[in-house]
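Engineer: Everything below, folded, please.
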Amino acid sequence: MSARNKLPPFSSPTAGQSSDLAREAWRIFGIMSEFVEATERLKPIRPAVSIFGSARTKPEDPVYQLTEKIARMLSDAGFSVISGGGPGIMEAANKGAFNGKSPSVGLNIQLPHEQVGNPYQDISQTFRHFFPRKVMFVKFASAYVVMPGGFGTMDEMMEALTLIQTGKSRKIPVILVGQDFWKGLLDWFRGTLVSSGMINPEDLDLIQVIDDPAEIVAAIFRHYEQRGFLDLPDEHELMLNL
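Structural biologist: Got it, this is the predicted structure:
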């Protein structure tokens, strides 16, 4: 019996289909151009720390003020600070770095709502697509600092943890700020993901929970004190293929 042909019969595309194919091809070129432009602009900013958190946090919120303090200390310690470039925690991160000694970097995204660029950016790069923006957060970061946030914050955190866990990215500190906020999620990691074998117990070692700004800076320096901030040769090759 011959193998069943599961592919539909080929037919020439209609005019409408040809137009869609052309638009999709140009979209791919647009994503490529975002990669190239962002990589060229961000090359000088290392070492850098990416800070994530809610776009909805107000300036009077203690978490906003804590983020600003953390970013200022990181900037004065020699780290560029990368945020999503918008309001809330992103603004606090950029503001703290903007008032410090090192560059404040905003990776802005075009959205139909919520995302409006904040004014505290020495380097501002705007993306139409989430994919290249997410790669830039990882590619140029020596550490991740994750403040309380929603789906977008969780997405960035899980992306970083997945890349590190699977060996697709170099190992960097992933620091969660806000013990009370993150406790329920971490308990679920231990009680559900580890206990059901979805992750290994040592995978939780990829995460640190630190609320003190000075200790956050110290933890990042401790991670690199034996090796320096430059990529090792194997890490350089790894990040080229990210």
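
Engineer: all helices of the protein, in order?
Structural biologist: 15-42, 62-76, 89-98, 130-139, 151-165, 179-188, 213-224, 233-240 (DSSP state H).

Engineer: Lowest average pLDDT across the ones you listed?
Structural biologist: Least confident of the helices of the chain, judged by mean pLDDT, is helix 233-240 with a mean of 70.

Engineer: how about the helices of the chain in CSV, adding distance to residue 117 and mean neighbour count?
Structural biologist: Every C-beta, even on glycine, is put in place using the N, C-alpha and C of the backbone. As requested, the helices of the chain are exported to CSV (distance: least, CB to CB, whole Å; neighbours: other CB atoms under 10 Å):
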stretch, distance to residue 117, mean neighbour count
helix 15-42, 15, 12
helix 62-76, 17, 21
helix 89-98, 9, 29
helix 130-139, 13, 18
helix 151-165, 16, 16
helix 179-188, 26, 12
helix 213-224, 25, 16
helix 233-240, 27, 12
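
Engineer: mind checking which of the ones you listed is nearest residue 122?
Structural biologist: Closest approach to residue 122 among those is made by helix 89-98 (6.7 Å; CB to CB).

Engineer: now for the closest one, which elements pack on it?
Structural biologist: Helices and strands touching helix 89-98, as assessed by 3 or more CB pairs under 8 Å, 6 or more residues apart in numbering; DSSP states H and E, comprise strand 48-52, helix 62-76, strand 80-83, strand 104-109.

Engineer: Output the last one as PDB, restricted to C-alpha atoms.
Structural biologist: Coordinates of the C-alpha atoms in strand 104-109 are reproduced here as PDB (Å, rounded to 0.1, in the frame of the first residue of the first chain):
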ATOM      1  CA  SER A 104      19.300  54.700  30.900                       C
ATOM      2  CA  VAL A 105      18.000  52.500  28.000                       C
ATOM      3  CA  GLY A 106      14.400  52.100  27.000                       C
ATOM      4  CA  LEU A 107      13.300  49.300  24.600                       C
ATOM      5  CA  ASN A 108       9.900  50.700  23.700                       C
ATOM      6  CA  ILE A 109       7.100  48.700  22.000                       C
END
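
Engineer: what helices or strands is it leaning on?
Structural biologist: Contact partners of strand 104-109 among helices and strands, from 3+ CB pairs under 8 Å, 6+ apart: strand 80-83, helix 89-98, strand 123-127, helix 130-139.

Engineer: what separates stretch 196-204 from the chain centre, distance-wise?
Structural biologist: 22 Å (CA atoms, centre = their mean, to the nearest Å).

Engineer: what about it, how long is it end to end?
Structural biologist: 14 Å (CA to CA, to the nearest Å).

Engineer: Could you measure from the residue most central in space within the chain over to residue 99?
Structural biologist: Nearest to the mean C-alpha position of the chain, counting by CA atoms, centre = their mean, stands residue 137 at 3.8 Å. Counting by CB to CB, to the nearest Å, the separation of residue 137 from residue 99 is 22 Å.

Engineer: quick one: residue 129 and residue 28 touch, right?
Structural biologist: No. Residue 129 is beyond contact range of residue 28, at 10.3 Å (criterion: CB atoms under 8 Å).

Engineer: Just send the helices and strands packed on strand 104-109 back as a markdown table, with distance to residue 182 too.
Structural biologist: Output for the helices and strands packed on strand 104-109, formatted as a markdown table (distance: least, CB to CB, whole Å):
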| stretch | distance to residue 182 |
| --- | --- |
| strand 80-83 | 19 |
| helix 89-98 | 14 |
| strand 123-127 | 27 |
| helix 130-139 | 19 |
